[in-house]
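[1] Curious how this folds, go ahead:
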Amino acid sequence: MRKMSWCSLPVRAALRGLQTIALATALCGAAHAALVFRDSTSTPSIAVIDSTSNTVTGTIGSLAQGGMAVPPAGDKLVTVSGTTLSIFSTGTKALLNTVTLSKLGHNPVISADGRFVYVLLDLSDGGSNLGVVDLATNTQIKEIPLSLGGDAVGLSRTFDGKKIIVFDDNGPIQVLDANTLAVLARVAPPGNGLSASTTSSVSPNIYVADFDGNFGVVDTSNYSSRSLDIPAVVSLAAMTVSVDEKSLFLSSGFNKWAIVDLTTLATTANGTFSASTTILTTAVAIAPTADKKFAYFLAREMLRTDPLRPNSRVYVLDLASNTLLATSFPFTGEVAHLVTAPVTPPVSSTSFAKYTTELLVAPKLKAYSVAASFTLATSAAAISPTTQNLTLTIGTLSITVPAGMIKQPSPKIGLYTYDGVINGEKFGLVLTGQKSGPWGLVAVGSHAFTSLTTSVPVTLTIETNTGTATIKPVIASQVLTLQ
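    A predicted model of the protein is given here:
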């Protein structure tokens, strides 16, 4: 079966693909937000709902028909639309980078260390491959075929990040090694097929439901499966396990929600979303916040007299009282995806006390080099190149070396290096210095500048320390080297 956009899918098929999209991530002490993609407006965007005030505090201008994901650190949002994978800052809402996928993608999942994105890729004959994107270089680095009985309708990873889970709507669950992508096991879920699934963030367990509303659990440490003695839910629409794996959040196609205790398997709370008798309400995605204060339910609302034109609404469940908040969030048309994320506010930057730079450009080589020297301000935070992000911006060109990618060959020497590919272009640097400085930087990269006849701003930022100088580039036949 050829996959279609979420809004064009029949409801039942859309629900099967949506179950594994709702996810929560943890970051102690941060505010939390629910991110809701809406593509039915004139300008598709992602609405940001602040869980502290429970108000819409902004939008991220991105398409996300293929899904969204947030890494454990909560600092980025990854969206997929068609063959474009986009990376945003959750703090500033700014676009950081884009990656072109080899095929149409959906269901992105981010590795435990935040470096890789696993994504399902559609084939023209209706099958699926699995792709891997390296966020350090912003390139797709792998693509492997998947042997499925039906369609790949979901993707997740185990709590420790060592295994990738592929959900098949007409075959066993596949467990892959996260590094090699080799198939470790194929496990048939208990019951009658796979209707919904949710993966624990603290144990090897995957919770599943079949098409009859019966529940089970798959243990990915030993690949065993068993049924759970939870009363069957008619027309189950969505389920998500709580962050601490103590509860299951459920919703059905009859305007209902429920919470099941995973120790006693008893229902501890339940209720309805809407008191309206003219609207059919179905929550198709559930996302609890990592601080365990709220659970967000993304519901589709259809008028009984016009079921082909649904609208959407996000309901908020207060987990302290297990009651829905009076405030809910309506959206025109169908809303496809929901995630929750800790959002760390952007940290103010400190300007270098002294910063000078030189830019060489070799148009025939499609190469450039930057030489810079700088000294930290007396009030500045210390620089730790191996654990901090480094960003070099030349006019409209921006290169970010993620934290952990810069290496220190010898801990006794203030010398740091990077050599790799970022945004599909070669980039390397040598950074020297200690404490407040002075520091020196030489960076060399490949890039075809379209026009550099006038002065351009050259900005260097290392975590919260930054400097900018507007200079005229020197056009040359050669650029500096890192030797």
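
[2] Against Ser349, how distant is the spatially closest residue to Thr139 that is not a sequence neighbour?
    Distances taken as Cβ to Cβ, 6 or more residues apart in numbering place Gly424 nearest to Thr139, at 5.8 Å, with adjacent residues excluded. C-beta here means a position set from N, CA and C on the backbone, and glycine is covered the same way. Distance of Gly424 to Ser349, computed by Cβ to Cβ, to the nearest Å: 28 Å.

[3] swap in Gly414?
    For Gly414, the distance to Ser349 - Cβ to Cβ - is 22 Å.

[4] what's the answer for Gly420, then?
    Taking Cβ to Cβ, one finds Gly420 at 25 Å from Ser349.

[5] how about the helices in the chain?
    With DSSP state H as the criterion, the chain has helices at 11-18.

[6] got the domain boundaries for it?
    With domains defined by automatic domain parsing, the chain comprises 9-343, 350-475.

[7] List the buried residues in the longest strand that the chain contains.
    The longest strand of the chain (DSSP state E) is strand 306-318. For strand 306-318, burial by neighbour count (16 or more other Cβ atoms under 10 Å) applies to Pro310, Asn311, Ser312, Arg313, Val314, Tyr315, Val316, Leu317.

[8] swap in stretch 382-389?
    For stretch 382-389, the neighbour count (16+ other Cβ under 10 Å) marks Ile383, Pro385, Gln388, Asn389 as buried.

[9] Ok, stretch 429-443 next?
    Leu429, Val430, Leu431, Thr432, Gly433, Gly437, Trp439, Leu441, Val442, Ala443.

[10] and what of stretch 244-262?
    So, applying 16+ other Cβ under 10 Å, buried residues of stretch 244-262: 245, 247-253, 255-260, 262.

[11] Over to stretch 389-396?
    Residues Asn389, Leu390, Thr391, Leu392, Thr393, Ile394, Gly395 are the ones in stretch 389-396 that count as buried (16+ other Cβ under 10 Å).

[12] just stretch 132-140 next, same as before
    Val132, Val133, Asp134, Leu135, Ala136, Thr137, Asn138, Thr139, Gln140.

[13] so which of those would you say is closest to Thr52?
    Leu135 (28.1 Å; Cβ to Cβ).

[14] Check the model's average confidence along stretch 117-135 for me.
    The pLDDT scores in stretch 117-135 average 91.

[15] would you turn the buried residues of stretch 429-443 into a markdown table with distance to Lys93 and pLDDT?
    Listed next are the buried residues of stretch 429-443 as a markdown table, based on distance: Cβ to Cβ, whole Å; pLDDT from 0 to 100:
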| residue | distance to Lys93 | pLDDT |
| --- | --- | --- |
| Leu429 | 28 | 96 |
| Val430 | 33 | 95 |
| Leu431 | 29 | 96 |
| Thr432 | 35 | 95 |
| Gly433 | 33 | 92 |
| Gly437 | 32 | 89 |
| Trp439 | 30 | 96 |
| Leu441 | 29 | 96 |
| Val442 | 33 | 96 |
| Ala443 | 27 | 96 |
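
[16] Just the closest of these to Leu176, please.
    So of the buried residues of stretch 429-443, ranked by how close each gets to Leu176 (Cβ to Cβ), first place is Leu429, at 34.6 Å.

[17] Which residue in the buried residues of stretch 244-262 has the weakest pLDDT?
    Among those, Gly253 has the weakest pLDDT, 83.

[18] My guess is it contacts Ala237. True?
    Yes. Between Gly253 and Ala237 a contact is recorded at 5.2 Å, counting by Cβ atoms under 8 Å.

[19] Now do the shared contacts for the two.
    Taking Cβ atoms under 8 Å, 6 or more residues apart in numbering as the criterion, Gly253 and Ala237 both touch Thr282.

[20] hmm, back to that, which of the buried residues of stretch 429-443 fall within strands?
    Leu429, Val430, Leu431, Thr432, Trp439, Leu441, Val442, Ala443.

[21] which residues does the last one contact?
    Residues near Ala443 by Cβ under 8 Å, 6+ apart: Ser369, Val370, Ala372, Leu392, Ile399, Phe427, Gly428, Leu429.

[22] what stretches of the chain score poorly on pLDDT?
    Per-residue confidence for the chain (pLDDT under 70) gives these ranges: 1-44, 342-348, 451.

[23] any idea how far Tyr355 is from Val78?
    33 Å.

[24] So for those two, which sits in the more crowded spot?
    Using other Cβ atoms under 10 Å, the more surrounded residue of Tyr355 and Val78 is Val78, with 26 against 19.

[25] what pairs with that one across the strands?
    Ala69, Ile87 (DSSP bridges).

[26] give me every residue that touches it.
    Met68, Ala69, Val70, Pro71, Leu85, Ser86, Ile87, Phe88, Pro108, Ile110, Val117.

[27] Kindly indicate which of the residues you listed lies nearest Val479.
    Ranked by distance to Val479 (Cβ to Cβ), the contacts of Val78 are led by Ile87 at 28.0 Å.

[28] Tell me if I'm right that that closest one and Pro108 touch.
    No. Counting by Cβ under 8 Å, Ile87 sits too far from Pro108 to count as a contact (10.4 Å).

[29] Please say which of these two ends up with more neighbours.
    When Ile87 and Pro108 are compared for neighbours, Pro108 comes out ahead with 24 against 20, by other Cβ under 10 Å.

[30] Tell me if I'm right that that one and Val70 touch.
    No. The pair Pro108 and Val70 does not pass the contact test of Cβ under 8 Å, sitting 9.8 Å apart.

[31] one step back: nearest to Ala185, of the contacts of Ala443?
    Looking across the contacts of Ala443 and measuring by Cβ to Cβ, the closest to Ala185 is Phe427, at 39.4 Å.

[32] gap between the residue nearest to that closest one when sequence neighbours are not counted and Ser89?
    Sequence neighbours aside, Gly445 is the residue nearest to Phe427 in space, at 4.2 Å (criterion: Cβ to Cβ, 6+ apart). To Ser89, Gly445 is 22 Å away according to Cβ to Cβ.

[33] Comparing the two, which shows the higher neighbour count?
    Using other Cβ under 10 Å, the more surrounded residue of Gly445 and Ser89 is Gly445, with 22 against 16.

[34] can you tell me how far the more buried one sits from Gly131?
    26 Å.

[35] and if you look at Thr55?
    Thr55 sits 36 Å away from Gly131, going by Cβ to Cβ.

[36] More neighbours: which of these two?
    Gly131 (23 against 11).

[37] got a list of what that one touches?
    For Gly131, the contact set (Cβ under 8 Å, 6+ apart) comprises Leu101, Ser102, Lys103, Gly105, Tyr118, Val119, Leu120, Leu121, Gln140, Lys142, Glu143.
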